[in-house]
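K.L.:
quick one: sequence plus predicted model below, questions after.
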Amino acid sequence: MSPTYDVAIIGAGTAGIYAGYELIRRNPGIKVVILEKGSDIYHRSCPIVTGQVKECIQCKVCATMSGFGGAGAFSDGKYNFTTEFGGWLTDFMPQDRVMDLIYYVDSVNMRFGATDQVYSTETPEARALEKRALENDLHLLQAKVKHLGTEKNLMILKNLYEDIKDKMEFRFQTPVEEIRKTGEGYDLALENGKTVSCRYLIAAPGRSGAEWFAGRCEALGLDLINNQVDIGVRVELPAKIFEHITDVVYESKLIYRTKQYGDLVRTFCMNPYGHVVTENVDGINTVNGHSYSDAALRSENTNFALLVSNRFTKPFDQPYRYGKHIASLSNMLGGGVLVQRFGDLLKGVRTNEHRLSKSFTRPTLNATPGDLSLALPKRHLDNIVEMIYALDKIAPGTANYDTLLYGAEVKFYSSRLELTEELETRLPNMFAIGDGAGITRGLAQAGASGVHVARIISGRLERDA
């Protein structure tokens, strides 16, 4: 019996969406199904965001992390035009091809409402920032970036969903349990007891499905390469401290090598006038940040992550579990995310409600005041403190007593499969894309990976027609 679908896509995050979009654009009438454990874009609702509860209640499926648009749906929508960060697609194809794909995805975004405003790194002001950073042993990664904004990011996704929802089949709230290789393709065993058969399979599980996908790959006999895990804190301070930087490049990605340990620390996901938020990763509360393009929705603060990269050598091979364990310690201590004033951390005292109430920096997240030194390893905290003092040289005020540190922030880099240049696994016609496959880290390259695989499959369909 022939497979029911020409192509099945696991996951409706950025990678899966753009794979589906490109497939139906190039192959009208093709039978495509997207299987997603979360809800559609209209029914993704976090009880914290809607004001029903103040703390995470451990929903079975986290609406912030899963559903149409994936973890990126409620991000602040930074779209970076670069191969220097945001993924590793250049491991599989030339840089110019990756950039062509990134610009193509941007053109699709613009069709559905994305801004045409770009923050350039080629201006004299941006070059002056780079020079000042270098003078203080900080390295500013240069890239053009668009800030879509959390609310406009959702608008783009809604417009995209309306355009494609009747051209392919979506099955929401439909987790996949197992992947089985068959003679003509693949069978996907669903949690509801049903089975979906397909000729081509695209796995785009996203960050929330990374651990699940690793288990399915092991069951299929596919080798995995462990990627790094980044652990740190989210910094929140008055927006004025970084205005001279964010007004020029919007997001400054700064890297510093600590003198004490020689470890790399970097800023990540900078949100001018933004809000600190929580994320649920497999039942563990971690911290993140958002920023709106609408001035009426902005705060008076800027937030960004400070992350320490960790790569482990044998025999240890579980960086994902290590990161979850660190985050779970802060959850154990505070029932969720912890927050501590920088000055309290230096003095070795716990931030409590009284001390926090005296802070000149008002928190945008209702986190538990506590002591990060009880949750994060000493080496990580030493690195973070040294980085804060380095940043203080180019953004005076970063090391203020009332700068707020939220923890833990953990960026999981999914185990990567051994893939071909086509992003195909060792099993024929099974592809892996996006953040959950460990090859991208952000909206731009995730979307690019989906378009790339869709074009590969389209070529094979045309060849076999």
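P.N.:
Structure received.
K.L.:
can you pull out the strands in the stretch 251-400 of the chain?
P.N.:
In the stretch 251-400 of the chain, the strands defined using DSSP state E, counting those that start in this stretch lie at 253-257, 264-271, 275-281, 284-290, 301-310, 338-341, 368-369.
K.L.:
for residue 148, which non-adjacent residue is closest in space?
P.N.:
Spatial nearest neighbour of residue 148, excluding adjacent residues (Cβ to Cβ, 6 or more residues apart in numbering): residue 77 at 3.0 Å. Every C-beta, even on glycine, is put in place using the N, C-alpha and C of the backbone.
K.L.:
that neighbour is in contact with residue 152, isn't it?
P.N.:
Yes. Contact criterion Cβ atoms under 8 Å: residue 77 and residue 152 qualify, at 6.7 Å.
K.L.:
who has more neighbours out of those two?
P.N.:
Using other Cβ atoms under 10 Å, the more surrounded residue of residue 77 and residue 152 is residue 77, with 26 against 18.
K.L.:
identify the residues contacting residue 394.
P.N.:
For residue 394, the contact set (Cβ atoms under 8 Å, 6 or more residues apart in numbering) comprises 129, 132, 133, 136, 138, 245.
K.L.:
for residue 332, see how far away the fifth one is.
P.N.:
According to Cβ to Cβ, to the nearest Å, residue 138 stands 34 Å off from residue 332.
K.L.:
before we move on, what about residue 58?
P.N.:
14 Å.
K.L.:
quick one: contacts for the residue nearest to residue 148?
P.N.:
Contacts of residue 77 (Cβ under 8 Å, 6+ apart): 146, 147, 148, 149, 150, 152, 153, 156, 443.
K.L.:
from those residues, pick the one nearest residue 455.
P.N.:
residue 443 (19.0 Å; Cβ to Cβ).
K.L.:
number of residues surrounding the closest one?
P.N.:
Neighbours of residue 443 using other Cβ under 10 Å come to 30.
K.L.:
same deal with residue 447?
P.N.:
Neighbour count of residue 447, defined by other Cβ under 10 Å: 31.
K.L.:
before we move on, which element is it in?
P.N.:
Here residue 447, judged by DSSP states H and E, is contained in helix 443-464.
K.L.:
and that helix, how far out from the chain's middle?
P.N.:
Taking Cα atoms, centre = their mean, to the nearest Å, one finds the center of helix 443-464 at 21 Å from the center of the full chain.
K.L.:
for residue 37, helix, strand, or coil?
P.N.:
coil (DSSP: H, G, I helix; E, B strand; the rest coil).
K.L.:
thought residue 175 was touching it, still the case?
P.N.:
Yes. Residue 37 is within contact range of residue 175, at 4.1 Å (criterion: Cβ under 8 Å).
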